[in-house]
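Chemist: below are the sequence and a predicted model; questions follow.
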Amino acid sequence: MKSARDKEKRPGGQKQYYRRKKVCKFCVERIDSINYKDVKLLSQFVPERAKIMPRRISGVCSQHQRQLNDAIKKARNIALLPFATE
Amino acid sequence: MRNYEIMFIVNPNAAEEEIDKINAQLESIITSGGGKVEKIEKMGKRRLAYEVDKHREGHYVLFVTSANGDIVRECERRLRVMDAVIKYITVRTDEEGRRLEKIKSYRQKRAARRSKSAKAAPTQSIEEAMQ
């Protein structure tokens, strides 16, 4: 999820960037349990290199990021998600 | 007693009966130890995310049980010994379940409170209309 950046010129001539506020997907959609079996949900947070997406990019809150971390690692253990892709 | 989920992957070349046999064995271990099998779910053949013992596919089976540590240890030992099983994982779920229940009850309470305050006005008007 990339934030939309709007260029805007200030009277001083400096460019000002406006960044859209990121929100936690799990808080907004009220997803309580992040289950390791839910590959469809988890795979949204593992880009093609199969690394776990950092919070600063996905906007997930810290509590949910921790749960997500655990779930992804469990899923990797049982070969539902890859550890790394070549 | 705690709730556990045991998930394991069976060799893709194994026959359906072989999987049933493994399931029956595990079930007997759990029930004879005093545990309870709540659900056995055969999730079917799936592609593995990475190669395991040269296999690219596998039959996934999920056990949802309530058991104690000794039973789980015995199950894991059995699974390790079985040739057809290529991977297994045990996850404890009772803490997570309790957490979810707490959230659910909290939500219900909040919803009840909200609907009560919201309902107070309209129900009155309905009663008035009926009179």
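Modeler: That came through fine.
Chemist: next one, pLDDT for residue 77 please.
Modeler: Since you didn't name a chain, this refers to chain A. Each residue has a pLDDT score; the one for A:N77 is 92.
Chemist: that answer is for a different chain, and I need it for chain B
Modeler: Predicted confidence (pLDDT) at B:R77: the value is 92.
Chemist: element containing it, please.
Modeler: Of the helices and strands defined by DSSP states H and E, B:R77 is found in helix B:69-81.
Chemist: what helices or strands is the helix or strand that comes right after that helix leaning on?
Modeler: Sequence-wise, the next helix or strand downstream of helix B:69-81 (DSSP H and E) is strand B:85-92. Here strand B:85-92 touches helix A:62-77, strand B:2-10, strand B:55-67, helix B:69-81, going by 3 or more Cβ pairs under 8 Å, 6 or more residues apart in numbering or on different chains; DSSP states H and E. The way it works is simple: take the backbone N, C-alpha and C, and place the C-beta from them, glycine included.
Chemist: which residue is nearest the middle of the chain?
Modeler: Going with chain A. In chain A, the centroid-proximal residue (Cα atoms, centre = their mean) is A:S58; its distance is 2.7 Å.
Chemist: any idea how far that residue is from chain B?
Modeler: 20 Å (Cβ to the nearest Cβ, to the nearest Å).
Chemist: show me what contacts that residue?
Modeler: Each residue near A:S58 by Cβ atoms under 8 Å, 6 or more residues apart in numbering or on different chains is listed here: A:1, A:22, A:25, A:45, A:65.
Chemist: so what's the fourth one up against?
Modeler: Shown in contact with A:F45 (Cβ under 8 Å, 6+ apart): A:52-53, A:58, A:60, A:68, A:72.
Chemist: thanks again, I'm all set now.
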